[in-house]
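# sequence-free structure coming up:
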């Protein structure tokens, strides 16, 4: 009951100040990952794979939704489709990390090879998940990414280490 009153009190104070309404409160321990993909099958597959886990999937269909999530989340983990909004994924990753350097971007691709992974890391990305997705690989990658985000990702020796710390 106290938790409900606390959440309601924060919402009421926020509404009185004229701020936008906060996002709904998820169960304690739930980790949210953002899927930036226009592919409906990616969304359905990830919802199925992450069902009954600590993860929930939100979906971004625009750049504004994607960048807003990274700016608000404490440890943002983003699953970025390689062809999101028909733009070059390198530009998207670099642009996303400018205002939110602690964001862990995991690239979704139909292929995964050393060259692609090297390019992703060079642009500040975290890892690659190749389609078709496997539950154990998805869960392991998300958990690893979240731990790194929570531990002040990026490490100083990474290509992103010279970026300013998150505000």
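Yep, that arrived. These numbers were taken from a predicted model, which means no experiment stands behind them. Residues are numbered from 1 along each chain as shown.
# buried residues in stretch 140-153?
141-142, 145-146, 148-149, 153 (16 or more other CB atoms under 10 Å). All C-beta atoms are positioned from the backbone trio N, CA, C, and that covers glycine.
# how about the residues you listed in a markdown table, adding distance to residue 110 and pLDDT?
Converted to a markdown table, the buried residues of stretch 140-153 look like this (distance: CB to CB, whole Å; pLDDT from 0 to 100):
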| residue | distance to residue 110 | pLDDT |
| --- | --- | --- |
| 141 | 16 | 95 |
| 142 | 20 | 95 |
| 145 | 20 | 90 |
| 146 | 25 | 88 |
| 148 | 25 | 82 |
| 149 | 26 | 76 |
| 153 | 26 | 55 |
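# now tabulate those residues in JSON lines and tack on distance to residue 55 and secondary structure.
Converted to JSON lines, these look like this (distance: CB to CB, whole Å; DSSP: H, G, I helix; E, B strand; the rest coil):
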{"residue": "141", "distance to residue 55": "11", "secondary structure": "helix"}
{"residue": "142", "distance to residue 55": "6", "secondary structure": "helix"}
{"residue": "145", "distance to residue 55": "11", "secondary structure": "helix"}
{"residue": "146", "distance to residue 55": "9", "secondary structure": "helix"}
{"residue": "148", "distance to residue 55": "16", "secondary structure": "helix"}
{"residue": "149", "distance to residue 55": "14", "secondary structure": "helix"}
{"residue": "153", "distance to residue 55": "18", "secondary structure": "coil"}
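# what is the nearest of these to residue 51?
Using CB to CB, residue 142 is the member of the buried residues of stretch 140-153 that lies nearest residue 51, at 13.7 Å.
# how much space between the closest one and residue 67?
The gap separating residue 142 from residue 67 is 20 Å, by CB to CB, to the nearest Å.
# same deal with residue 35?
Taking CB to CB, one finds residue 35 at 15 Å from residue 67.
# what about the two, which has more around it?
For the pair residue 35 and residue 67, the greater number of neighbours falls to residue 35 (23 against 20), based on other CB atoms under 10 Å.
# let me see the mean pLDDT of the helix or strand hosting that one.
In the assignment (DSSP states H and E), residue 35 maps to strand 31-36. Averaged over strand 31-36, pLDDT sits at 92.
# dump the buried residues of stretch 140-153 into JSON lines; add distance to residue 128 as well.
Shown next, in JSON lines, are the buried residues of stretch 140-153 (distance: CB to CB, whole Å):
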{"residue": "141", "distance to residue 128": "9"}
{"residue": "142", "distance to residue 128": "13"}
{"residue": "145", "distance to residue 128": "12"}
{"residue": "146", "distance to residue 128": "17"}
{"residue": "148", "distance to residue 128": "15"}
{"residue": "149", "distance to residue 128": "17"}
{"residue": "153", "distance to residue 128": "16"}
